[in-house]
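> can't give you the sequence, but here's the structure:
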């Protein structure tokens with residue numbers, strides 16, 4: 001089973017201003033305590049004339065259910081998120097890998113979206129799809145949990161971005 005999420009936000013700022021924040025390492029450091037996935041480190045922020053690519057390592061710091069807590073090790077809840085913003089088209093593409101080479105194939109996660117000028121500001125939309133491999137949980141519970149986790153992470157990241165843009 002594949003689980004999906006779709007999250008949108010509008011900022012009272014230009015796309016260029018949004019990209020300036022996303023290209024700032026200090027923004028990711030400021031996310032501590034604001035999202036369920038806290039950044040461990042920023043591996044790359046590459047700003048080219050036509051694109052911005054970010055590579056950030058995250059750890060899950062949210063609560064686990066008592067059932068999940070028995071089966072899931074906290075150290076297994078670490079991800080590498082790579083996101084590319086195409087400045088010409090406004091397209092966003094990305095993916096998530098488990099931050100453990102031996103377990104990297106456990107999750108297939110991809111995202112697409114857009115960051116475009118709209119109504120005197122910028123619209124930011126992210127749609128993701130997540131599939132868990134080799135974890136036999138009934139009814140796609142692992143996928144649903146991860147989709148909800150990444151959706152909430154994206155909403156909180158967008159809220160932190162909006163807050164940073166107004167400060």
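Okay, I see it. Since the model is a prediction, treat every value here as computed from it, not as a measurement.
> Nearest residue to the middle of this protein?
residue 154 (5.4 Å; C-alpha atoms, centre = their mean).
> for this protein, what spans make up the helices?
Ranges of helices in the chain, per DSSP state H, are 15-22, 25-29, 66-71, 141-166.
> Which of these has the lowest mean pLDDT?
Among those, helix 66-71 carries the lowest mean pLDDT, a mean of 64.
> okay, the residue nearest to residue 86 when sequence neighbours are not counted: pLDDT?
Nearest residue to residue 86 in three dimensions, chain neighbours excluded: residue 51, at 5.7 Å (C-beta to C-beta, 6 or more residues apart in numbering). From N, CA and C alone the C-beta is placed, and that goes for glycine too. Looking at residue 51, its pLDDT stands at 96.
> In contact with the closest residue to residue 12 other than its chain neighbours: list those residues for me.
Among residues not flanking residue 12 along the chain, residue 121 sits closest, at 4.8 Å (C-beta to C-beta, 6+ apart). By C-beta atoms under 8 Å, 6 or more residues apart in numbering, the contact set of residue 121 is 10, 11, 12, 13, 14.
> rerun that using 10 Å as the cut-off
9, 10, 11, 12, 13, 14, 15, 17, 18, 165 (C-beta atoms under 10 Å, 6 or more residues apart in numbering).
> Make a markdown table out of those residues and add distance to residue 128 and neighbour count.
A markdown table is the format used below for the contacts of residue 121 (distance: C-beta to C-beta, whole Å; neighbours: other C-beta atoms under 10 Å):
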| residue | distance to residue 128 | neighbour count |
| --- | --- | --- |
| 9 | 15 | 19 |
| 10 | 19 | 15 |
| 11 | 20 | 21 |
| 12 | 25 | 12 |
| 13 | 23 | 19 |
| 14 | 25 | 14 |
| 15 | 21 | 20 |
| 17 | 24 | 15 |
| 18 | 19 | 24 |
| 165 | 23 | 17 |
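> with those in mind, which one is nearest to residue 77?
Closest approach to residue 77 among the contacts of residue 121 (C-beta to C-beta): residue 9, at 25.0 Å.
> just to revisit the earlier point, among the helices of the chain, which comes closest to residue 78?
Residue 78 lies closest to helix 141-166 among the helices of the chain, at 12.7 Å (C-beta to C-beta).
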